[in-house]
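# Sequence first, then the predicted structure, then my questions.
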Number of protein chains: 2
Amino acid sequence: MSNSKVVELAVLDAETVVPCCPPLTERPLTAEEAVRTAAMFKALGDPVRLRLFSLVASHEGGEACVCDISDVGVSQPTVSHHLKKLKDAGLLTSERRGTWVYYRVEPSVVAAMGQMLGTRS
Amino acid sequence: MSNSKVVELAVLDAETVVPCCPPLTERPLTAEEAVRTAAMFKALGDPVRLRLFSLVASHEGGEACVCDISDVGVSQPTVSHHLKKLKDAGLLTSERRGTWVYYRVEPSVVAAMGQMLGTRS
């Protein structure tokens, strides 16, 4: 897998920050690249956040608000807190509509993370 | 993307533990699936560990020992500590040969993580 797909993603969606980096099998990351990318993996490195992320990602219409989430075993403020962390890491975007904030997966960032885990082919 | 590729990986490499789970966009993860999988993302959620992982993954022959790693800005014992954490998370395997322990990426686990980040196609 080459870098070209990551570059292409950046062009397709220039307003969002996308990961910088080639597949992890291609060359060692620099310190700066590692700091930038580890933050995204860390955001998914908590069971509650990972469940919330999959809830949003698989929800009808590709978006969800706190009002759609009731069965993860934590309070609504805690859900909001974790959704904000996922947003801060660049994995979700949000939009307020009326009372609620709706979250949506940022596909370019998630795709780039997937590509980093791809193997040389 | 269907579940079949994950199952196939498990069959191809039955001795290793592979992630359980479908793409995150397919359905919400259960609590148990999230605990299991978050541990792997967490292992890559530290800049030093992520650099070490990419060093091993991209090293000649697909494996590396502590003796091959000198430029990540942490001591050799710290390198060993992080490599062990990556191994505990199932991302690396290790083999002792003479004085050194050699680490190698566990491709089925990394591929399954990549598939979880895949989008519905």
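Perfect, thanks for sending it. Numbers count the residues shown, from 1 in each chain, chains lettered A, B, ... in the order given.

# How about the residues of chain A by chain B?
With CB under 8 Å from any CB of the partner chain as the criterion, chain A meets chain B at residues A:24-29, A:31, A:34-35, A:37-39, A:41-51, A:53-55, A:57-58, A:72-73, A:105, A:107, A:110-111, A:113-115, A:117-119. Every C-beta, even on glycine, is put in place using the N, C-alpha and C of the backbone.

# In strands, which of the residues you listed appear?
Using DSSP state E, the subset of the residues of chain A next to chain B located in strands is residue A:105.

# for residue A:94, helix, strand, or coil?
What DSSP: H, G, I helix; E, B strand; the rest coil gives for residue A:94 is strand.

# wait, isn't it in contact with residue A:104?
Yes. Residue A:94 lies in contact with residue A:104 (CB atoms under 8 Å); the separation is 7.4 Å.

# quick one on the thing from earlier: of the residues of chain A next to chain B, which count as buried by neighbour count?
When those are checked for burial by 16 or more other CB atoms under 10 Å in any protein chain shown, the buried set is A:24-26, A:28-29, A:34, A:37-39, A:41-51, A:53-55, A:57-58, A:72, A:105, A:107, A:110-111, A:113-115, A:117-118.

# For the spatially closest residue to residue A:33 that is not a sequence neighbour, give its distance to residue A:102.
Take residue A:33 and drop its neighbours on the chain: the residue closest to it by CB to CB, 6 or more residues apart in numbering or on different chains is residue A:21, 4.8 Å away. According to CB to CB, to the nearest Å, residue A:21 stands 29 Å off from residue A:102.
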